[in-house]
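Trainee: fold the following and give me the result.
(2 chains)
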Amino acid sequence: MSVTLWLLALVPVAALIRFVGIPDDTPHQTKPFLRQIFDGLCYTILRFLHLAFAVNKSFQSWVQMTLLQNEADVHDLLLSDRPALVEERMELEIFLLSLPQRPEHFAVVLPDGHTDDIVDDVEALCAWSGMAKIPRLTVYTRDGRLKDSADAIEARLRKSKIISRAYDNKPPSIILDLGTHHAKRHITSPGNHPLHVSLWSREDGFPALVELSRSLAKQVSTGTLSAKSIDETMVASLLKDPFGFAHPELLLLYDDLLCIPEFPPWQLQNTEVYQIGQGSVKSLGDAVVRALGSYAKIEKRWGK
Amino acid sequence: MPLQKHCRKLCSQASNIFRKFLVHILQQGPIPKHVAFIMDGNRRFARKSHQVTTSGHVAGFHKLANVLEWCNDLGIKHVSVFAFAINNFNRSEEEVSALMHLAKDKLKELADNSELVRYHGARIRIVGNKALLPSEVRQVMDYAEKTTQDNKGMTLNVCFPYSSTDEMTSAIRALIDDAESGKLQESEISEGTLESRLQIPGPDLDILVRTSGQIRFSNFMLWQSSKMAYIQFIDVYWPEFSLFHMLSIMISWQCAYLAIEKKKQTVAECTRPCMLSASVSDDETCCSEREAA
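Mentor: Residues are numbered from 1 along each chain as shown, chains lettered A, B, ... in the order given. From the prediction side, this is the model:
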């Protein structure tokens, strides 16, 4: 009975699809009618599968969000004197300091269109780096909005209370790097713990490799360099981290889409990637804590 | 006994038909052109099954054969697999030697006897720094490449031994050699000309799959993955990777397909002049100007 009902439901739907048309390379005229009905049925099943997948994904995001303890905003966490928040901050500090391993260089990819809060996000990420005792931070947006907002970011970092609180009221010495062709900017308090921050965009990846190639080609053509001496060690030394750190050990991809939006490829060689969508977490800080928690459990084998 | 045999044959045929039906359903949606696999977890699979490491790698090869069959059925034209990393030479001599023997035997088997090559016309390409390999392995690789070079079916890029940084360095060196020999003007050095000299230049990577639950690239196809490839880290050892996992990945990618294409279009509009431009300063203003527009 139920099989009959299913057939009664699916056959007219498939026929409807056949007459409405499905985008297909093969012209309809060359396909037999029954084949078109069958393809229509398969298309319907596929759309149901897509719907089921999307529903499952949304449900998982909702579960992830609602099962979390209520993560306060980093400003409230660091600046508020309410006992509940002070206790939460202490627990978080103990958790972060007790992690068996932490990245020395932490990179965060912010999604396209994430415009309004970009200065807030950089400030918050610096504060989180302070709490987790991470000396090196890279923030990346594909389109260069970070570099365009460099002055605003510098001004904010200069007088940031949350960063100061994250470093136990001893504001760090922040060195801001805007990538190739830009001088570094030094912000406040030399002598205190340094925090090295890079604001990267697409130009620090593929175009940088092209520029390197041009520069090496020029040296070879003028005879100052032999083409045979160009090897991986040389290229690695020319693409080394501007502050002398290792390339990013942990990359937080803060986007719903599981795609790397043209982050500098050379720098990804040994990077752990943690992806979490904005719909699955209450805040960027939440995503940072989860990424660090995930990194703490990984085993590095270096090919062995 | 004959009844059992018939039942087994019937089950096998039924599962083949069911598999083809599932594949046909998926083919009603978009199909990726290029999929890459980091086949991780063979040794841990062997330990879990209380077997020696080599048997894990053998199981991994059999799984590869299955996966290639599924990719071929789905109509995926290019498949890249990370068979051996350059820094895998750091493993014990015994294991490296066993892997070399396995590569030699299985590549020859793939080139000579596999259905994929004989009936479906698959083409085998060996990608990587072959100079690091023993001569007998290099010979088999050259044989596999030569005997399949005219095939028009699926292209299989076997990365052995490979690292992405080595690939990018080789591309830079090739570019410089061409500039030195006059084949290329210095002003023509661009992203496009550099990309065309990679060992796996294209088509664009659509999906990158890594098994065993590790969430890193391990120096595999970094250039290609960074260009908006859809990444899937699957928490299952490579020999346990099933058709169900493959189909789930495909459905997941199909659901994200429009969003990825939209992002790629924005990127392509922004970077097309940059790919051809002769100066980096053009690149700086290119993306932000277009975004503002």
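
Trainee: remind me, longest helix of the chain?
Mentor: This is for chain A. In chain A, taking DSSP state H as the definition, the longest helix is helix A:33-67.

Trainee: switch to chain B, that's the one I care about
Mentor: The longest helix of chain B (DSSP H) is helix B:243-276.

Trainee: now do the strand or helix carrying B:V158: which elements does it pack against?
Mentor: Here B:V158, judged by DSSP states H and E, is contained in strand B:155-159. In this structure, strand B:155-159 makes packing contacts with strand B:78-82, strand B:123-127, judged by 3 or more Cβ pairs under 8 Å, 6 or more residues apart in numbering or on different chains; DSSP states H and E. C-beta coordinates here come from the backbone N, C-alpha and C atoms, glycine included.

Trainee: so the longest helix of chain A, near chain B or not?
Mentor: Yes. Using Cβ under 8 Å from any Cβ of the partner chain, helix A:33-67 reaches chain B at A:39, A:42-43, A:45-46, A:49-50, A:53-54, A:57.

Trainee: list the buried residues for that helix?
Mentor: Neighbour-count burial for helix A:33-67 flags A:36-46, A:49-50, A:53, A:57, A:61, A:64 (criterion: 16 or more other Cβ atoms under 10 Å in any protein chain shown).

Trainee: what number of residues lie near the closest residue to chain A within chain B?
Mentor: Here the residue of chain B nearest chain A is B:N87; by Cβ to the nearest Cβ that distance is 3.2 Å. Neighbourhood size, B:N87 [other Cβ atoms under 10 Å in any protein chain shown]: 15.

Trainee: hey, where'd the helices end up in the stretch 151-300 of chain A?
Mentor: Secondary structure of the stretch 151-300 of chain A (DSSP state H, counting those that start in this stretch): helices at A:161-166, A:206-221, A:232-238, A:284-296.

Trainee: from A:S221, how far off is B:G182?
Mentor: 11 Å (Cβ to Cβ, to the nearest Å).

Trainee: more neighbours, those two?
Mentor: Higher neighbour count among B:G182 and A:S221: A:S221, with 14 against 7, using other Cβ under 10 Å.

Trainee: list the contacts of that one.
Mentor: If a contact means Cβ atoms under 8 Å, 6 or more residues apart in numbering or on different chains, then A:S221 has B:179-180, B:186 as its contacts.

Trainee: can you do 10 Å?
Mentor: A:227, B:176, B:179-180, B:186 (Cβ atoms under 10 Å, 6 or more residues apart in numbering or on different chains).

Trainee: check B:L26 too.
Mentor: By Cβ under 10 Å, 6+ apart, B:L26 lies in contact with A:42, A:45-46, A:49, B:73-75, B:246-247, B:250-251, B:254.

Trainee: again with B:H120
Mentor: So B:H120 contacts B:68-69, B:72-73, B:114, B:151-154 (Cβ under 10 Å, 6+ apart).

Trainee: and it, what pLDDT?
Mentor: You'll see B:H120 listed with a pLDDT of 87.

Trainee: on that earlier part again, and of the helices of the stretch 151-300 of chain A, who's closest to B:I38?
Mentor: Closest of those to B:I38 is helix A:284-296, at 18.2 Å (criterion: Cβ to Cβ).

Trainee: any idea which of the helices of the stretch 151-300 of chain A gets closest to B:S226?
Mentor: With Cβ to Cβ, the closest approach to B:S226 among the helices of the stretch 151-300 of chain A belongs to helix A:206-221: 8.0 Å.

Trainee: what's the angle from that closest one to helix B:243-276?
Mentor: Orientation check (axes from the mean of the first three to the mean of the last three Cα atoms, to 10 degrees): helix A:206-221 against helix B:243-276 gives 60 degrees.

Trainee: give me the buried stretch members for helix A:206-221, please.
Mentor: For helix A:206-221, the neighbour count (16+ other Cβ under 10 Å) marks A:206-214, A:216-217, A:220 as buried.

Trainee: so for B:E109, which of the helices of the stretch 151-300 of chain A sits nearest?
Mentor: Here helix A:232-238 is closest among these (Cβ to Cβ), at 32.6 Å.
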